[in-house]
Each structure stands twice: as C-alpha cells, then as structure tokens.
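Asks: sequence-free structure coming up:
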C-alpha cells in the first residue's frame, strides 16, 4: 500500500527521524560490560506533520480507516515501509486547513 498521490509531503520543519536504541548490556562476572545488538533490525521512529485542506483531510481519513484498517497495516512512504503508531492529532490551521501530526515506525 502506498501513500496516496493526492496528499502532500510532510512539513520539513516538523519532520524528524530517530533511531531507537538497539543494544543490550550485560555485566560480566569480571565487572566488564558486554554490549551486543538486541534485534537484527533497528527501529526508526519518524515524527511528521502535514497541512491538509478539507478534501485532503477526508482522503487521509479514508486511507487510514479503510486502507490501513485503522493503522494496523504498513504503507510505503518516502522509500520506507511504515506503520502509524500512537494517535493522530488534527488541529484547525486557519480557514479550511488542518495540521495533521502523527508518528510512524519503520524497521531498517
């Protein structure tokens, strides 16, 4: 499933990506700390915001509800498979526009 072509790209000033820690530490009997990788893939958390008009907001809501089955399915966006985690914030943004903010996770 792909991000709908009719929806814009995220606002760059609100876009951030963070690699979640993927290490586990074990203290050995000697007192030395042994560090190793926890999982074979890292989790990349991305925060993003969009400005949608009424029609784009409706397209996004339909995409989220019907295509992603309320966020339970992955979708392709900005060259990564992503899944929406947490809630989606929708704030009126002057006139007939809305600022939509949410967080996604990818496994890279």
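Replies: Received it, and whenever you're ready, just let me know what you need. Values in this document were obtained by computation on a predicted structure and should not be read as measured data.

Asks: Might you report the residue contacts of the residue of the chain most remote from its centre?
Replies: With distances taken as CA atoms, centre = their mean, the residue sitting farthest from the centre of the chain turns out to be residue 30, at 41.5 Å. Residues near residue 30 by CB atoms under 8 Å, 6 or more residues apart in numbering: none. For every residue, glycine as well, the C-beta is placed using N, CA and C.

Asks: On the three-state scheme, it is what?
Replies: Of the three states, residue 30 takes coil under DSSP: H, G, I helix; E, B strand; the rest coil.

Asks: List the neighbouring strands of the longest strand seen in the chain plus their orientation.
Replies: The single longest strand within the chain, with elements called by DSSP state E, is strand 80-92. Counting by DSSP bridges, the strands paired with strand 80-92 are strand 75-77 (antiparallel), strand 97-107 (antiparallel).

Asks: Pick the most buried one from the ones you listed.
Replies: Stretch with highest mean neighbour count among the strands paired with strand 80-92: strand 97-107 (a mean of 18; mean count of other CB atoms under 10 Å).

Asks: Next one, pLDDT for the most centrally placed residue in the chain please.
Replies: Ranked by distance to the mean C-alpha position of the chain (CA atoms, centre = their mean), the top residue is residue 104 at 1.3 Å. Among the per-residue scores, residue 104 shows a pLDDT of 93.

Asks: what pairs with the residue nearest to it when sequence neighbours are not counted across the strands?
Replies: Among residues not flanking residue 104 along the chain, residue 82 sits closest, at 4.0 Å (CB to CB, 6 or more residues apart in numbering). Beta-bridge pairing for residue 82 (DSSP bridges): residue 75.

Asks: so residue 82 sits right up against residue 74, yeah?
Replies: Yes: with contact defined as CB atoms under 8 Å, residue 82 reaches residue 74; the gap is 6.4 Å.
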